[in-house]
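**Q** got a predicted structure here, sequence first:
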Amino acid sequence: MTATVDMYLLLRAFVDELVRGGACAAVTSPGSRSTPLVLSLVRDGRLPCVSSIDERSAGFLALGMAKASGHPAVLACTSGTAAANYLPAVIEAHESGVPLIVLTADRPPELRATGAGQTIDQLKLYGSAARWFQEVGVHDATPERLRWIRALAGRAIAVSVGAGGPAGPVHLNWPLREPLGLDGPLPEQEPGGGGRADGRAWVSVATAPTDPSGAVAPVAGLARAAARGLIVAGRDEAVPAGGWRSPSPLAAAVTALSEATGWPVLADPLSGARTGPGAIAHYEALLRHEPFAREHRPAVVLRVGDLPTSSRCAPGWRASRPCRSPSTSGCAGRTPTRSRTSCSPTPPPRRSPRSPPPSPRAGTSPSTGRGAPRGAMRTRAPRARSRTRSGRS
């Protein structure tokens with residue numbers, strides 16, 4: 001077999017494992033060096049593939065696909081500045097915990113730093129925004145190397161969905177040598193026998209159940225001791241097991257806690273907790289009114305989830321006297337007011353690559369504020385425009 005045939009055999013096995021692992025779709029951008037990557041993704045036939053000429057648009061298209069499905073989306077582009085145009089979407093995926101697998105074609109080492117056009121240093125191009133980086137060599141398609149590349153694809157899926165840490169983007173850089181096109185069909189049989197016969201992924205990701213009792217005890221103690229408390233529900237973009245149409249477990253827990261304690265909830269539009277009876281819709285307007293903020297300053301502020309989009313969720317009561325501010329977010333260092341007194345980190349949401357992709361989330365009705373506890377203002381909630389951390393709609 002020629003080196004080009006070996007390269008395509010390795011890529012075929014890699015794409016096969018992406019599909020087995022649960023990748024939802026691929027977004028590709030045209031280019032010469034990425035030809036083997038794009039053709040391998042398209043020829044598999046099981047992975048929906050979309051072509052986008054502009055790499056920056058392609059990055060956000062893949063980001064949306066991954067967020068809507070809860071499964072990793074694949075990006076593929078040619079070498080040079082094309083890969084740099086993925087950076088805004090990669091950063092967004094890093095901050096939002098969205099699984100992306102970024103495949104960038106590159107020149108082989110002997111053709112780098114030669115002054116050729118459209119050539120940049122692509123090693124760890126996205127820096128700390130990528131959960132994992134690997135330069136992938138495509139050499140002889142031996143049984144050992146085919147098993148290795150299947151394991152590599154499995155690791156990419158596992159890291160992207162949050163096995164061992166937060167979910168986020170993975171960057172694999174592929175130095176591909178010419179010729180980049182095949183002269184004939186690939187062999188049907190893969191050296192070594194191919195993937196697992198039962199259709200399972202080469203690397204299976206198991207999501208272990210978590211015991212929330214360690215986080216419940218300190219919160220229960222605070223609730224019993226505090227005369228007045230407040231719940232701030234931040235961004236939670238984990239896809240429920242039943243898809244976007246299913247209720248968020250975190251939102252349901254926030255609502256139950258609010259009902260049990262009588263504490264009102266300031267819920268971010270991306271928290272999923274704006275429909276509970278304790279949710280206050282126009283909390284920004286209330287917090288901008290300084291007399292109201294002073295009069296209703298809580299003794300305890302419990303933040304659930306990530307930081308909310310609104311800057312008014314760090315309200316004016318912090319200026320006059322400190323309050324206890326525990327957090328159940330996994331990001332223990334994210335506290336702009338520096339007032340946190342305790343932290344109960346929750347495990348990052350893991351998306352199972354073996355479950356079917358959930359359906360897109362249907363629109364939810366905003367909270368009316370009806371039945372809000374302890375003097376919460378009853379107002380109708382406006383239609384909230386969901387915004388990501390970077391402020392994009």
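**A** Happy to help now that I have it.

**Q** which residues touch A251?
**A** A251 makes contact with A233, D236, S271, G272, A273, T275, G276 under the criterion Cβ atoms under 8 Å, 6 or more residues apart in numbering. To be clear about C-beta, it is placed using only N, CA and C from the backbone, and glycine gets the same treatment.

**Q** most neighbours among those, which one?
**A** A233 (31 neighbours; other Cβ atoms under 10 Å).

**Q** that one bridge partners, please.
**A** A267, V304 (DSSP bridges).

**Q** check the gap between it and L257 for me.
**A** According to Cβ to Cβ, to the nearest Å, A233 and L257 sit 10 Å apart.

**Q** mind listing the shared neighbours of these two?
**A** Between them, A233 and L257 share no contacting residue, judged by Cβ under 8 Å, 6+ apart.

**Q** let me have the contacts of A251 in CSV, adding distance to S69 as columns.
**A** Shown next, in CSV, are these (distance: Cβ to Cβ, whole Å):
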residue, distance to S69
A233, 24
D236, 17
S271, 20
G272, 17
A273, 22
T275, 23
G276, 26
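
**Q** any idea which of these is least confident?
**A** The lowest pLDDT within the contacts of A251 belongs to D236, with 76.

**Q** let me see the contact set for that one.
**A** S248, L250, A251, L270, S271, G272, V304, G305, D306.

**Q** ok, now with 6 Å
**A** With contact set as Cβ atoms under 6 Å, 6 or more residues apart in numbering, D236 has these partners: L250, S271, G305.

**Q** check which helix or strand covers it.
**A** Assigned by DSSP states H and E, D236 belongs to no helix or strand.

**Q** for it, give its distance to S248.
**A** Distance from D236 to S248, by Cβ to Cβ: 6 Å.

**Q** equivalent analysis for T119, please.
**A** Distance from T119 to S248, by Cβ to Cβ: 46 Å.

**Q** for P48, same thing?
**A** P48 sits 26 Å away from S248, taking Cβ to Cβ as the criterion.

**Q** same check, this time on L152
**A** Here L152 is placed at a distance of 33 Å from S248 (Cβ to Cβ).

**Q** for the residue positioned nearest the centre of the chain, list the residues it contacts.
**A** In the chain, the C-alpha nearest the mean C-alpha coordinate belongs to V98, at 1.3 Å (Cα atoms, centre = their mean). Listed by Cβ under 6 Å, 6+ apart, the contact set of V98 reads L63, A66, K67.

**Q** columns secondary structure on top of those residues, output as JSON lines?
**A** Formatted as JSON lines, these follow (DSSP: H, G, I helix; E, B strand; the rest coil):
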{"residue": "L63", "secondary structure": "helix"}
{"residue": "A66", "secondary structure": "helix"}
{"residue": "K67", "secondary structure": "helix"}
